[in-house]
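1. just a sequence and a predicted model for now, questions to come.
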Amino acid sequence: MSALDGDASTSGSGVGLHAAASQTADGRGALTSLYKDDAANGGQLASSWASASRTGKGQLALGELFSNLAQDSQASSAALQVQVKGPGSEELQKNLSKSSTASAGQMAMMASASDSSEGLAVVTQHNRRMAQGGDSAAAALSVQSVASNTADGATAIRKLNQNLAKDPLAATSAVALQSAAVGTAQGRAALTNLNGNLARDSADAGAAMGVQAAASGTAEGRQAIAGLYQGISRDKAASAATMSMQASASQSPEGLKAVTEFNHNVAKDPGASTAVTEFQATATTTPGGMEAYSQLNRNLAKTPESAAAAVELHASASTTETGRKALTQLNRNLAKSADGASSQAVLMGTAAESAQGRQAVINLNSNLAKDPEAAAAAAQMRATATTTREGRAGLARYNQGLAADPKAAASEMKLQAAASDSKDGLEALTVMNENQSRFATSAGPAVAMQAAATRDPAGLAAKLKLNNNLAKNSRAAASAVALEASAAKSKGGRKALGDLYANLSSNPAAAASQVKMQLTAAGSLKGADSLTKLYQRLGSDPKTAGAAQMMLDSAGSTQEGRAASEQLRRIIDQRVGPVVQLPDQADQASPQQPKKQGEATESEQNQASQEEAEAGEEEDES
């Protein structure tokens with residue numbers, strides 16, 4: 001065949017002869033020897049294949065040849081080695097991608113070659129050669145894309161990916177190929193189609209994420225991942241398709257494990273985590289991308305480990321200015337979607353169940369708190385989440401988790417304090433408080449988080465700052481008092497308020513900030529009503545009543561807080577008067593046992609329990 005290089009018709013005839021020979025085991029054995037010798041001599045047959053691929057007939061013949069060779073791993077490896085060594089490989093890939101039969105044959109041959117360690121090394125060499133240029137990478141990726149349009153091609157791609165995932169170097173070569181390809185419009189289009197097809201089958205998508213997970217375990221792999229996702233983030237369609245692929249992968253236990261490993265490893269490299277976050281921000285600007293991101297979040301929220309890894313990735317991205325900008329955009333996008341924001345809240349709730357997740361929360365919130373704009377966007381996302389029962393339950397679980405760790409709680413307090421510095425952030429916090437105050441099952445955990453936060457010096461300082469900003473706006477102050485009044489419906493909520501007030505009392509300035517905030521709330525009808533309910537409920541418990549009295553005394557011990565403390569006392573005396581002992585209302589806000597959820601994980605059952613508790617509270621009130 002090498003003598004026929006320049007003539008597409010005769011080269012096609014030569015390929016046809018090889019295709020015919022490849023139908024038998026003996027023929028494939030002979031071709032294996034021929035290809036090994038040719039590869040050792042520079043792979044001249046590759047030029048013949050490239051020439052043959054210029055015609056439709058030649059493409060079909062190559063597809064048949066490669067499909068037949070795929071029955072023998074050694075034959076496949078030898079033929080692929082010809083492509084690696086020989087000239088014309090880029091043209092061959094471009095032409096193969098014009099035919100679904102030829103593309104599927106190429107992928108079947110690569111999958112077969114990857115069955116052996118020697119063949120997998122050849123696949124790695126092939127990927128690296130094609131990744132040397134954007135056009136050649138795009139051509140090779142186009143072959144995968146076209147092959148994925150067929151059932152046989154998709155099956156071959158899945159098998160290939162499963163083998164690539166066994167070797168970090170091989171996996172990295174595949175990611176590097178995609179990274180080089182997405183630098184071109186053709187490559188991005190090919191990836192969009194490929195990932196869109198992979199997303200139709202969770203096993204196919206899971207195998208693809210398995211490759212990325214394996215690659216993410218090495219520094220070189222993470223660098224390739226950074227390049228890949230930077231390229232994807234420039235294209236909305238590619239971002240949405242890739243998000244759909246990740247969401248589909250996370251539907252299966254194996255795929256969820258791969259996505260978790262990917263997130264955890266990518267978090268080790270701020271450049272890579274920033275690129276992935278940029279991709280998420282782009283994907284969520286599209287309806288399909290937002291839907292897929294929401295599904296991905298809910299799948300990741302099934303276990304504390306998978307949820308924590310997702311937060312770790314964002315925490316890593318938040319260490320860079322570009323990453324914080326991407327997180328700001330992502331949170332703004334989520335704030336426009338109740339479904340998206342709620343899914344994020346559920347993820348946060350599960351993450352807060354583990355020490356690993358709480359540490360990630362600390363890192364993420366602390367970094368976002370350095371940027372008022374980023375903090376405000378995070379608050380807006382939380383506010384939107386509280387418009388749904390699912391979102392309120394997710395945030396309640398998040399607050400409950402943080403309440404077990406003062407430093408984690410303090411990080412949330414710092415985030416809210418930073419958000420309150422801006423008009424948009426203060427508005428978001430107000431809406432969040434108002435929505436959470438509708439149910440003691442949401443308000444109680446929110447106050448418990450504040451109580452834990454104020455046990456930490458940084459959290460106490462943040463609460464003081466937040467109170468001062470809330471006190472500048474009567475509606476904002478009223479929302480905070482309404483939250484406390486709702487929490488005070490239950491025994492657990494009153495205990496949290498008692499702890500909060502005791503902590504504030506340790507710092508007269510902090511106590512004064514709380515008193516001034518409540519005094520501002522009293523200036524509006526809603527605020528005054530909430531203040532009345534708050535102190536009536538606090539008075540039903542000697543301990544909480546004592547803590548409130550201690551807070552007022554602490555605030556009044558300073559010249560700055562004395563007038564405010566005295567004024568608030570007068571309002572309470574006028575509105576509440578003698579405190580009446582109220583019946584214990586602990587049952588109203590106690591979480592109910594979840595209904596049987598089949599195979600639901602513990603985290604999913606916790607979410608269901610929290611939602612059912614709110615539903616029960618709603619029924620009691622009606």
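-> Right, received. Where do you want to start?

2. and the helix or strand residue 61 falls within, C-alpha only, in CSV?
-> When elements are assigned from DSSP states H and E, residue 61 belongs to helix 56-69. What follows is helix 56-69, C-alpha atoms only, in CSV (Å, rounded to 0.1, in the frame of the first residue of the first chain):
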residue,chain,number,x,y,z
GLY,A,56,-16.3,8.1,1.1
LYS,A,57,-15.5,4.7,-0.1
GLY,A,58,-12.1,4.9,1.5
GLN,A,59,-13.6,6.0,4.8
LEU,A,60,-16.0,3.1,4.8
ALA,A,61,-13.1,0.7,4.1
LEU,A,62,-11.1,2.1,6.9
GLY,A,63,-14.0,1.9,9.3
GLU,A,64,-14.4,-1.8,8.4
LEU,A,65,-10.7,-2.4,8.7
PHE,A,66,-10.5,-0.8,12.1
SER,A,67,-13.6,-2.5,13.4
ASN,A,68,-12.3,-5.9,12.4
LEU,A,69,-8.9,-5.2,14.0
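
3. report all helices and strands that that helix contacts.
-> helix 8-21, helix 25-40, helix 45-52, helix 73-85, helix 89-96, helix 100-113 (3 or more CB pairs under 8 Å, 6 or more residues apart in numbering; DSSP states H and E). Yep, even glycine has a C-beta here, placed from its N, CA and C like the rest.

4. can you give the contact residues for that helix?
-> The contact list for helix 56-69, computed with CB atoms under 8 Å, 6 or more residues apart in numbering, reads 8, 11-12, 15-16, 18-19, 22-23, 28, 31, 49, 51-53, 75-76, 79, 95-96, 98-99, 101-106, 108-109, 112.

5. now the angle from that helix to helix 89-96?
-> Between the axes of helix 56-69 and helix 89-96, defined by axes from the mean of the first three to the mean of the last three CA atoms, to 10 degrees, the angle is 100 degrees.

6. may I see the buried residues of helix 56-69?
-> Buried residues in helix 56-69, defined by neighbour count with 16 or more other CB atoms under 10 Å: 58-69.

7. now stretch 231-248
-> Taking 16+ other CB under 10 Å as the basis for neighbour counts, the residues of stretch 231-248 that come out buried are 231-233, 235-248.

8. keep only those of the residues you listed that are in helices.
-> 231-232, 236-248 (DSSP state H).

9. which one of the residues you listed is nearest residue 561?
-> Among these, residue 243 lies closest to residue 561 (CB to CB), at 50.9 Å.

10. that closest one and residue 294 touch, don't they?
-> No. Counting by CB atoms under 8 Å, no contact exists between residue 243 and residue 294, whose distance comes to 9.8 Å.

11. ok now do the closest residue to residue 90 other than its chain neighbours, which residues does it touch?
-> Using CB to CB, 6 or more residues apart in numbering and skipping the chain neighbours, the partner closest in space to residue 90 is residue 136 (4.2 Å). By CB under 8 Å, 6+ apart, residue 136 lies in contact with 89-90, 93, 129-130.

12. per-residue confidence averaged over stretch 562-582?
-> This predicted structure assigns stretch 562-582 an average pLDDT of 78.

13. so which bits of that stretch are buried?
-> Of all the residues in stretch 562-582, those buried under the rule 16+ other CB under 10 Å are 564-565, 568-569, 571-572, 576, 579.

14. pLDDT weak spots in the stretch 301-450 of the chain?
-> Residues of the stretch 301-450 of the chain that meet the criterion pLDDT under 70 are absent altogether.

15. what strand or helix carries the residue nearest to residue 473 when sequence neighbours are not counted?
-> Nearest in space to residue 473, with sequence neighbours left out and distances taken as CB to CB, 6+ apart, is residue 426 at 6.3 Å. Taking DSSP H and E as the criterion, the element that holds residue 426 is helix 423-436.

16. point out where this structure drops to low pLDDT.
-> Filtered on pLDDT under 70, the chain yields the residue ranges 1-13, 577-598, 619-622.

17. middle-most residue in it, spatially?
-> residue 310 (5.0 Å; CA atoms, centre = their mean).

18. in this structure that one contacts residue 263, no?
-> Yes. With contact taken as CB under 8 Å, residue 310 and residue 263 are classed as touching, separated by 5.3 Å.

19. which residues are common contacts for the two?
-> residue 300.

20. now that residue 515 has come up, it's in contact with residue 562, right?
-> No. Under the contact definition of CB under 8 Å, residue 515 does not touch residue 562, with a separation of 9.9 Å.

21. got any residues that touch both of those two?
-> Common contacts of residue 515 and residue 562 (CB under 8 Å, 6+ apart): residue 555.

22. quick revisit: TSV for the contacts of residue 136, including neighbour count?
-> Conversion of these to TSV gives the following (neighbours: other CB atoms under 10 Å):
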residue	neighbour count
89	23
90	19
93	26
129	19
130	26
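
23. looking at the residues you listed, which is nearest residue 182?
-> Of all those, residue 130 has the smallest distance to residue 182: 13.4 Å, by CB to CB.

24. residue contacts, that closest one?
-> When contacts are counted by CB under 8 Å, 6+ apart, residue 130 touches 89-90, 93, 136-137, 139-140, 177, 180.

25. the same query, at a cut-off of 10 Å, please.
-> In this structure, residue 130 makes contact with 83-84, 89-90, 93, 136-141, 143, 173, 176-177, 180-181, judged by CB atoms under 10 Å, 6 or more residues apart in numbering.

26. for residue 486, same thing?
-> Residue 486 neighbours (CB under 10 Å, 6+ apart): 433, 436-444, 446-447, 493, 530, 533-534, 537, 589, 617.

27. quick check on these: which are buried?
-> Among these, the ones that count as buried by 16+ other CB under 10 Å are 433, 436-444, 446-447, 493, 530, 533-534, 537, 589, 617.

28. among the residues you listed, which are in helices?
-> For those, membership in helices holds for 433, 436, 440-444, 446-447, 493, 530, 533-534, 537, 589, 617, with DSSP H as the criterion.

29. run a quick neighbour tally on residue 151.
-> Residue neighbour count, defined by other CB atoms under 10 Å, stands at 9 for residue 151.
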